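> below is the sequence, then the predicted model.
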Amino acid sequence: MSTTKKDIRKLSQAEIEDYFKEIGEKSFRAKQVYEWLWKKNAHQFDDMTNISKALREQLGESFQIQPVEVDLLQKSNDGTIKNAVKLHDGNVVESVLIPTDSRTTACVSSQVGCSLDCTFCATAQLKRMRNLTAAEIVDQVVIIDEESKRYFNRPLSNIVFMGMGEPLLNYNEVISAIKKITLPEGLGMAPRRITVSTSGIPKMIEKLADEDLRVNLAVSLHSAREEVRNVIMPFSVKFPLTDLMDSLQYWYQQTGLRITFEYIVWGGVNDKKEDIDALVKFCRKIPSKVNIIEYNSIDDGIYKQASEEAVNNYIKALESNNIVVNVRRSRGKDIDAACGQLANKTGND
Ligand code: SAH
């Protein structure tokens, strides 16, 4: 197999059209091939049954398709499924299917490893090896959609970019993947069912706000006190909370969409009144809601889930200020599939 052939899924429809023109083919073939690639998820040129055999062969001589494959599937006793997904170059990322009574959510990865340094996250301990391509992101969605149909008799309903990596640091491929997932010539899913979760990179949030994609934005806040956030998420020293707030206000101005803050409460870290007051004050500046997520231990010996009382204090303070707050129970903990636990551990090593 030649590795010099270009992956056809790196081409836009216009570029495929150019290729067909060059070889003297009708340009409408580009639309057909594009649909095979992005709507029908063909992984071989031979699957493209409305394309002549000769042309399929020619395509195969010029290009390759590099699909991902599931290396290992683990099922949690709460129904959550974790896939170790192998990329064509041998790198592995993880994607998770999270079923509830009313929905099936795909949690997808955007990078191999992560370049950020959140001290409570297992993925941060892996070096960032590379960005995923749009095709590798879409493949994860397609795999989870198939699993949802197979195991739960219903299609995938929601997608969250909360797997490995920082989606806004793989900006172009993430945007391209979102387009392929939402466009009618792709998977045709509703953008409001997609959430991009970011650790909070102001410039990139503003860029995303300008895209008119209509996807939701979640920000991993975890503290609205600069001095605390800078310790638990050291990279954020470069991005003061005032800059983050400015970018969120710009987001709201451009999209009219409320922001979700993800927030873990840890004992001794952010469980005091001043932490709660700071969060309330921050939230009041922008239409937002708060998802309190349970801490999933990564055996760091530093962080521990705060007491129920501390979490209740947060809930009371937020609610009395009319800020919507949800408490998210974690899922898939027994197979290391919960938030912050994705680190390519299989339980066998
Ligand atoms: N880089 C993106 C997306 C990946 S993390 C982001 O930071 O948003 C997805 C969510 O899991 C984030 O809210 C993150 O803060 C949270 N998370 C990380 N480690 C965790 C842990 N050990 N327990 C619970 N949630 C965690």
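Done, it's in. Because the structure is predicted, anything quoted here is derived from the model rather than measured.
> from now on I want contacts and neighbour counts done on CA atoms only, so please keep to that.
Will do.
> wait, doesn't Thr182 sit right on Gly188?
Yes: judged on CA atoms under 8 Å, Thr182 makes contact with Gly188 at a distance of 4.5 Å.
> more neighbours: the two, which one.
Neighbour count, other CA atoms under 10 Å: between Thr182 and Gly188, Thr182 has more, with 19 against 14.
> so how far is Val174 from the more buried one?
Applying CA to CA, to the nearest Å, the value for Thr182 to Val174 is 12 Å.
> how about Lys6?
Distance, Lys6 to Val174, using CA to CA: 20 Å.
> more neighbours: which of these two?
It is Val174, of Lys6 and Val174, that has more neighbours when counted by other CA under 10 Å, with 26 against 14.
> report pLDDT for that one.
For Val174, the model assigns a pLDDT of 98.
> that one belongs to a strand, doesn't it?
No: applying DSSP: H, G, I helix; E, B strand; the rest coil, one finds Val174 to be helix, outside a strand.
> ok, and the closest non-adjacent residue to Cys339?
Nearest residue to Cys339, sequence neighbours excluded (CA to CA, 6 or more residues apart in numbering): Asn296, at 6.9 Å.
> thinking that neighbour is in contact with Ala338, fair?
Yes: judged on CA under 8 Å, Asn296 makes contact with Ala338 at a distance of 6.8 Å.
> okay, and the common contacts of the two?
Ser330 (CA atoms under 8 Å, 6 or more residues apart in numbering).
> thought Leu187 was touching Lys39?
Yes: at 5.2 Å, Leu187 counts as touching Lys39 under the criterion of CA under 8 Å.
> what count of nearby residues applies to the nearest residue in space to Met48 that is not next to it in sequence?
What sits nearest to Met48 in space, not counting adjacent residues and going by CA to CA, 6+ apart, is Trp36, at 6.4 Å. By other CA under 10 Å, the residues close to Trp36 number 21.
> Trp36 contacts Asn50, doesn't it?
No: the pair Trp36 / Asn50 is not scored as a contact, 9.6 Å apart, by CA under 8 Å.
> any idea how far the residue in the chain that the ligand sits nearest to is from Leu55?
Distance from the ligand to each residue of the chain (CA to the nearest ligand atom) is smallest for Gly340, at 3.1 Å. Distance, Gly340 to Leu55, by CA to CA: 46 Å.
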